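Trainee: Generate a structure from the sequence data that follows.
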Amino acid sequence: MELVCPLCNGLTKYLCRCEKCESVMVDKGPITDFLDEYSPYLPIELTSKVDGASSNICVHLFYCEKCRNDKRVKIERIKF
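Mentor: All right, here's what the predicted structure looks like:
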């Protein structure tokens, strides 16, 4: 068994509301995917060291399409 992010792997959904306008925010994926054009293809063991969170946490970027607010949400990885 390994630790996986339930959002990245489609195992669960997470509803996040915008703190400014209360609209439902869109999950844009882990923030490590935005480091450069190759980061989505790098091993998790490598990218998890640069997001500032512990290795059992996947930090996702949520974006409000209405007011352009964004929020980082820590998602706990699960054994799968």
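Trainee: In a helix, Leu46, correct?
Mentor: Yes - assessed with DSSP: H, G, I helix; E, B strand; the rest coil, Leu46 lies in a helix.
Trainee: So for Lys66, what's the pLDDT?
Mentor: Lys66 is assigned a predicted lDDT (pLDDT) of 98.
Trainee: What's the local residue count around the nearest residue to it once chain neighbours are set aside?
Mentor: Closest residue to Lys66 apart from its sequence neighbours, by CB to CB, 6 or more residues apart in numbering: Ser23 at 4.4 Å. C-betas here are computed from N, CA, C, even on glycine. Neighbourhood size, Ser23 [other CB atoms under 10 Å]: 14.
Trainee: and the gap between Val4 and Glu76?
Mentor: 11 Å (CB to CB, to the nearest Å).
Trainee: Which of those two has more residues huddled nearby?
Mentor: Taking Val4 and Glu76 together and counting by other CB under 10 Å, Val4 has the greater number of neighbours (15 against 11).
Trainee: residues in contact with the nearest residue to that one once chain neighbours are set aside?
Mentor: The shortest distance from Val4 to any non-neighbouring residue, by CB to CB, 6+ apart, is to Phe80 (4.6 Å). Shown in contact with Phe80 (CB atoms under 8 Å, 6 or more residues apart in numbering): Met1, Glu2, Leu3, Val4, Asn9, Leu11.
Trainee: likewise Cys67?
Mentor: Cys67 touches Cys18, Lys20, Cys21, Ser23, counting by CB under 8 Å, 6+ apart.
Trainee: Perfect, that will be all.
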